[in-house]
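S.K.: next come a sequence and a model predicted from it.
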Amino acid sequence: MAKIAIKSTAEKIGLLEKLGFGAFAMALDVCTNFVSTFLLFFLTDVLGITPGLAGSASLIGTVWDGVNDPLVGFISTNRRFKNGEVARPYALWFAVPTAVMFVLTFTVMDIPAHFVFAYFITVYLLYDLCRTFNMIPSGSMTTLAARGVNERISLNVFVSGGSGIGVILATLGCWPLINTLSGVSEDGRLINPRYGFFWGAVIVGCILIFGSLLHYFTTRERILPEAGSEQKVSLKEAIVLLFGCREWVENTLFALFYNFSIAFVTSTIVYYATYVLGDSGAVTLIMAAYILATMVALPFVSMIHKKIGRKKTMILSAALLMLSKVYFVFSPASMAAAVVNGLLVGIGVAFSINAINTNRAEIADIIGWRKGKRIENMISAINSTVSKVGLALCSFAIGMTLEINGYSSELAVQSQGTISAIEAFMGIVPMLTAALMLVVALRVRIEDSVRIMNREKEGK
């Protein structure tokens, strides 16, 4: 098969551009973590939807993702803007639509109760579609803006740092803000959550617009097809290319199990703080430990990556996520155990995210080298699917389990079955998914493939 001609420049990426990457990651992750941390709680305790139905909403979203993400990836893979770029402009065009639909997702409308669920599903699916388009540059630009693993690792450090700030804003900032705007009763419950969640979402939506526009105006694509060498890729062909690439399958499985491990915790933590620890404000302290550890670990990611390689880095990250649960499993109602859990998870996240993103950039190169097709946007869209599938399946499992065990937002004290389920979703369940990450990490071979590719390109 003919190789696609690539035009690229090799200049070093400056600090301002790296900050643009970080700002975009921050904006996307403040939205993502706001949803993963608060959506299930918002549905059950604000909209008044039963836990089973709330969990089903995430499952419906998963089915929708199975349709819209590959289609968005296919459309964007074969769509070239007038300036020759394929990814960066989406951050401009979908910033405002995504923000608007995000705010509507967390808005309580005064409509008949039997229409509430239908309204939510409609708005949420539109938000998900806009977000998928808006996220395309987040997965593609580290490939298209930089050539070479060291520059990509450096970019991904800024991306991971921005993501960490996004988590800080979503959990350490937004939860206290929601508490302040809503008011908190003496038993630690929100007084007017409708008001708090709406204005919290408005602030997050503004952050999304700011980060998206800053990314658009400070970054640029450097790896572009030469004029006349563009090749269209059918949806079927793109899917065959992905599933025929062992490196992509391994990285995607690692990312899926990683998302399971994190999503179980983030989707449960508000319930855990409210009903196990008896203090909804404990969310802030636990997440502070998580974020602090992530931010402290990030400066060491490049150094450790260079010293031990990516495979061993992935093994290390999976081991840390498993280790983080040990103390908690034996003392699930202990604040100290929850904080230790957050600290070790934060370190594991720093190494996991960087490895997943760097792998994804190199997988685009590998497929281009082997098959002569550049499908960065398809890889980005499918990666978005994996992230959302992880969250949706976890939310569904949590929602159904809570319903089976008799959870009710009207109860100040939940049943023992509900408490045990919440503790399991914070501890043993994510420990098992981290173990699956470790199994996958032991089999990855992307570094070997990159070495072979580079030797061939250099003519050795």
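M.R.: Received it, and whenever you're ready, just let me know what you need. Residues are numbered from 1 along each chain as shown.

S.K.: what packs against whatever helix or strand N150 lives in?
M.R.: In this assignment (DSSP states H and E), N150 forms part of helix 149-167. Counting contacts by 3 or more C-beta pairs under 8 Å, 6 or more residues apart in numbering; DSSP states H and E, helix 149-167 is packed against helix 15-45, helix 113-144, helix 282-297, helix 301-308, helix 335-371. Backbone N, C-alpha and C define where each C-beta goes, glycine included.

S.K.: measure how that helix sits relative to helix 301-308, angle-wise.
M.R.: Counting by axes from the mean of the first three to the mean of the last three C-alpha atoms, to 10 degrees, helix 149-167 lies at 140 degrees to helix 301-308.

S.K.: run through who's touching the helix or strand just after helix 149-167.
M.R.: Using DSSP H and E, the helix or strand that follows helix 149-167 in sequence is helix 174-182. If you take C-beta atoms under 8 Å, 6 or more residues apart in numbering as the criterion, helix 174-182 is touched by 30, 34, 37-38, 190-193, 195-197, 199-200, 203-204, 270, 280-281, 283-284, 287.

S.K.: follow-up on the earlier one: then the helix holding N150 to PDB, C-alphas only?
M.R.: Provided in PDB are the C-alpha atoms of helix 149-167 (Å, rounded to 0.1, in the frame of the first residue of the first chain):
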ATOM      1  CA  VAL A 149       8.600  10.700  21.700                       C
ATOM      2  CA  ASN A 150      10.500  13.200  24.000                       C
ATOM      3  CA  GLU A 151       8.500  16.200  22.700                       C
ATOM      4  CA  ARG A 152       5.300  14.300  23.000                       C
ATOM      5  CA  ILE A 153       6.000  13.200  26.500                       C
ATOM      6  CA  SER A 154       6.800  16.800  27.400                       C
ATOM      7  CA  LEU A 155       3.500  17.900  25.800                       C
ATOM      8  CA  ASN A 156       1.600  15.200  27.700                       C
ATOM      9  CA  VAL A 157       3.100  16.400  31.000                       C
ATOM     10  CA  PHE A 158       1.400  19.800  30.400                       C
ATOM     11  CA  VAL A 159      -1.800  17.900  29.300                       C
ATOM     12  CA  SER A 160      -1.700  15.900  32.500                       C
ATOM     13  CA  GLY A 161      -1.000  19.000  34.500                       C
ATOM     14  CA  GLY A 162      -4.000  20.700  32.900                       C
ATOM     15  CA  SER A 163      -6.100  17.700  33.600                       C
ATOM     16  CA  GLY A 164      -5.100  17.800  37.200                       C
ATOM     17  CA  ILE A 165      -6.100  21.400  37.500                       C
ATOM     18  CA  GLY A 166      -9.400  20.500  35.900                       C
ATOM     19  CA  VAL A 167     -10.000  17.900  38.600                       C
END
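
S.K.: that one: how far from the chain's middle?
M.R.: 13 Å (C-alpha atoms, centre = their mean, to the nearest Å).

S.K.: so where's the stretch 201-350 of the chain shaky on pLDDT?
M.R.: 224-231 (pLDDT under 70).

S.K.: and the contacts of helix 174-182, which of them are buried?
M.R.: Neighbour counting over the contacts of helix 174-182 (16 or more other C-beta atoms under 10 Å) leaves 30, 34, 37-38, 190, 193, 196-197, 199-200, 203-204, 270, 280, 283-284, 287 as the buried ones.

S.K.: N78 is nearest to which of the helices and strands packed on helix 149-167?
M.R.: helix 113-144 (12.8 Å; C-beta to C-beta).

S.K.: how far is that closest one from where the chain is centred?
M.R.: Distance, centroid of helix 113-144 to centroid of chain: 13 Å (C-alpha atoms, centre = their mean).

S.K.: now swap in stretch 248-263 and tell me
M.R.: Taking mean C-alpha positions (C-alpha atoms, centre = their mean), stretch 248-263 and its chain are 11 Å apart.

S.K.: equivalent analysis for stretch 22-35, please.
M.R.: 8 Å.

S.K.: return stretch 451-460 as PDB; C-alpha atoms alone will do.
M.R.: Extracted in PDB, the C-alpha atoms of stretch 451-460 (Å, rounded to 0.1, in the frame of the first residue of the first chain):
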ATOM      1  CA  ARG A 451      12.000   1.100  17.300                       C
ATOM      2  CA  ILE A 452      11.300  -1.000  14.300                       C
ATOM      3  CA  MET A 453       9.400   1.800  12.600                       C
ATOM      4  CA  ASN A 454      12.200   4.400  13.300                       C
ATOM      5  CA  ARG A 455      14.900   2.000  12.000                       C
ATOM      6  CA  GLU A 456      13.000   1.500   8.700                       C
ATOM      7  CA  LYS A 457      12.400   5.300   8.300                       C
ATOM      8  CA  GLU A 458      16.000   5.900   8.900                       C
ATOM      9  CA  GLY A 459      16.900   3.400   6.300                       C
ATOM     10  CA  LYS A 460      18.900   1.100   8.600                       C
END
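
S.K.: that stretch - what's its average pLDDT?
M.R.: What stretch 451-460 shows for mean pLDDT is 80.

S.K.: can you tell me what sits against it?
M.R.: Counting by C-beta under 8 Å, 6+ apart, 365-366, 369 sit against stretch 451-460.

S.K.: how does it look with 6 Å?
M.R.: Outside stretch 451-460, the residues that touch it by C-beta atoms under 6 Å, 6 or more residues apart in numbering are W369.

S.K.: that one: which residues count as buried?
M.R.: M453.

S.K.: run the chain-centre distance for that stretch.
M.R.: Worked out by C-alpha atoms, centre = their mean, stretch 451-460 lies 33 Å from the chain centre.

S.K.: residue numbering should commence at 9 henceforth.
M.R.: That works, and once the first residue is 9, the last one we named lands at stretch 459-468.

S.K.: separation between the closest residue to I427 other than its chain neighbours and S342?
M.R.: If the residues on either side of it in the chain are set aside, I427 comes closest to V284, at 5.9 Å by C-beta to C-beta, 6 or more residues apart in numbering. To S342, V284 is 10 Å away according to C-beta to C-beta, to the nearest Å.

S.K.: follow-up on the earlier one: list the buried residues of the helix holding N158.
M.R.: Neighbour counts using 16+ other C-beta under 10 Å place 157, 159-175 of helix 157-175 among the buried residues.

S.K.: which residues touch M109?
M.R.: Taking C-beta under 6 Å, 6+ apart as the contact definition, M109 lies against 134-135, 138.

S.K.: you'd agree it is in a strand?
M.R.: No. Counting by DSSP: H, G, I helix; E, B strand; the rest coil, M109 is not found in a strand; it is helix.

S.K.: for it, report the pLDDT, please.
M.R.: 96.

S.K.: ok, now G414?
M.R.: 88.

S.K.: again, but for the one 3 residues further on
M.R.: The confidence metric pLDDT takes the value 76 at S417.

S.K.: more neighbours, V284 and S342?
M.R.: V284 (22 against 15; other C-beta atoms under 10 Å).
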